[in-house]
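> give me coordinates for this.
(chains A, B and C)
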Amino acid sequence: MLHVSDFSLRHTIESGQPLTFYSRYSNHAGTEHLAYVTSEGEINLSLKGDRLSYRFNGNYTQKTAKNEVISRLGLDDNLPDIYRQINTDIFMAGAIKGFYGMRITKNDPWEASLCFVISQFNNLKRIRGIIGNMVSEFGEDLGGTKLFPSAQALASADLSSIRACGTGFRDKYVKSVAEQFAFSFDKRKPYKMGYEDAKEKLMELDGIGDKVADCILLFGYNKLDAFPIDTWVKRVMERVYFNGRKRTIKRLHKFALDRWPKSYLGYAQQYIFWRGRENNIG
DNA sequence: ACCCAGGCGGGCG
DNA sequence: CGCCCGCATGGG
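Numbering: from 1, shown residues only, chains lettered A, B, ... in the order given. Purely as a prediction, here's the structure:
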């Protein structure tokens, strides 16, 4: 058990991050539950008030499970300090108030990559469905629960069976990215690279462009200086900061860099995204 | 029926 | 560089 503060499991889980797509979340009588699987085993969380307890199996020990939970849910980020630094205006203040405790999750780079390749020109409900189909179709069976599908499994699958999961035209991107993660791309490298170099590296992959690369860097490599701009973030920023005028992605990136601390850009983005989407602003 | 969704690659000027 | 297009699929 550990005590947590400034933490909302619901906002963290529901806000379009990889865990949104492959975890089970529920709330019974004021106690929230979250279950998900990693290559090391299953994690089961319960949150009541500020008490976060966790159960685990597989290779986890008390210590490694605790580290997994803290790191995965972003509990090691200093949220009060982040809020102080990104709270530059009324819109951000509203986002912080409305979604207080929402954190950036830290996920496996391959898992983040697959989720965000699927996300292109898509919506949250369908992404969740497609990832779910892929887990049951291609995930290794652990006797009851299934693992997130490996890059190797998808690399050796044929296009039609990938497409049968509902990917649509993204089938070729899924296979291509899976092949590279399985055979040539060293997913450990970007951890040691700066944001710019790592992004350039990721964008060499077919099917990974500017926005998806930023998502992978933010949610997969824990690079909080990434600022993904999707249709929601673009529209909201144009409306809130540019009086409704159209702006290029490049210019919006520059605006963000000038306005918020580089090391917290990812958090600023996540609050813009989720308030924009949940309040249907834009 | 119509519109949109956590975009990308390719082609054009 | 900026702009435009086609791309599958399902829900509002």
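
> the strand or helix carrying residue A:272 vs DNA strand B: in contact?
Per DSSP states H and E, residue A:272 falls inside helix A:265-278. Yes - counting by C-beta under 7 Å from any atom of the strand, DNA strand B is contacted by helix A:265-278 at A:269-270, A:273, A:277. C-beta here means a position set from N, CA and C on the backbone, and glycine is covered the same way.

> which parts of chain A sit against DNA strand B?
Within reach of DNA strand B by C-beta under 7 Å from any atom of the strand, chain A has these residues: A:15-17, A:116, A:119-127, A:169, A:173, A:203, A:205-213, A:215, A:228-233, A:269-270, A:273, A:277.

> buried among the residues you listed? Need that as a selection in PyMOL.
To isolate the buried ones among the residues of chain A next to DNA strand B in PyMOL, judged by 16 or more other C-beta atoms under 10 Å, type:
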select buried, chain A and resi 15+16+17+116+119+120+122+127+173+205+207+208+211+212+213+215+228+229+230+232+233+269+270+273+277
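
> from the residues of chain A next to DNA strand B, which land in helices?
A:116, A:124-127, A:173, A:210-213, A:215, A:231-233, A:269-270, A:273, A:277 (DSSP state H).

> on the three-state scheme, residue A:36 is what?
Taking DSSP: H, G, I helix; E, B strand; the rest coil as the rule, one finds residue A:36 in the strand state.

> nope, residue A:43 is what I meant
When states are read from three-state DSSP, the local structure at residue A:43 comes out as strand.

> residue contacts, it?
By C-beta atoms under 8 Å, 6 or more residues apart in numbering, residue A:43 lies in contact with A:34-37, A:54-56, A:60, A:65, A:68-69, A:72.

> kindly report the same for residue A:18.
Taking C-beta under 8 Å, 6+ apart, we find residue A:18 in contact with A:105, A:107, A:111-112, A:115, A:219-220.

> what subset of the residues you listed is buried?
Neighbour-count burial (16+ other C-beta under 10 Å) is assigned, among these, to A:105, A:107, A:111-112, A:115, A:219-220.

> and the residue nearest the centre of chain A?
The residue lying closest to the centre of chain A (C-alpha atoms, centre = their mean) is residue A:17, at 3.1 Å.

> quick check: residue A:53 is in a strand.
Yes - the assignment for residue A:53 by three-state DSSP puts it in a strand.

> just list whatever residues bridge to it.
Note on residue A:53: beta-bridge partners residue A:46, judged by DSSP bridges.

> excluding its backbone neighbours, what's nearest residue A:129?
Closest residue to residue A:129 apart from its sequence neighbours, by C-beta to C-beta, 6 or more residues apart in numbering: residue A:166 at 6.3 Å.

> actually residue A:215, not the one I typed
The shortest distance from residue A:215 to any non-neighbouring residue, by C-beta to C-beta, 6+ apart, is to residue A:116 (4.2 Å).

> again with residue A:185
Counting by C-beta to C-beta, 6+ apart, the residue nearest residue A:185 is residue A:205, at 6.9 Å.

> equivalent analysis for residue A:222, please.
Of all residues not flanking residue A:222 in the chain, residue A:106 sits nearest, at 4.9 Å (C-beta to C-beta, 6+ apart).

> assumed that neighbour was part of a helix.
No - assigned with three-state DSSP, residue A:106 falls outside any helix and is coil.

> next up, the contacts around it.
Applying C-beta under 8 Å, 6+ apart, one finds that residue A:106 lies in contact with A:71-72, A:74, A:219-220, A:222.
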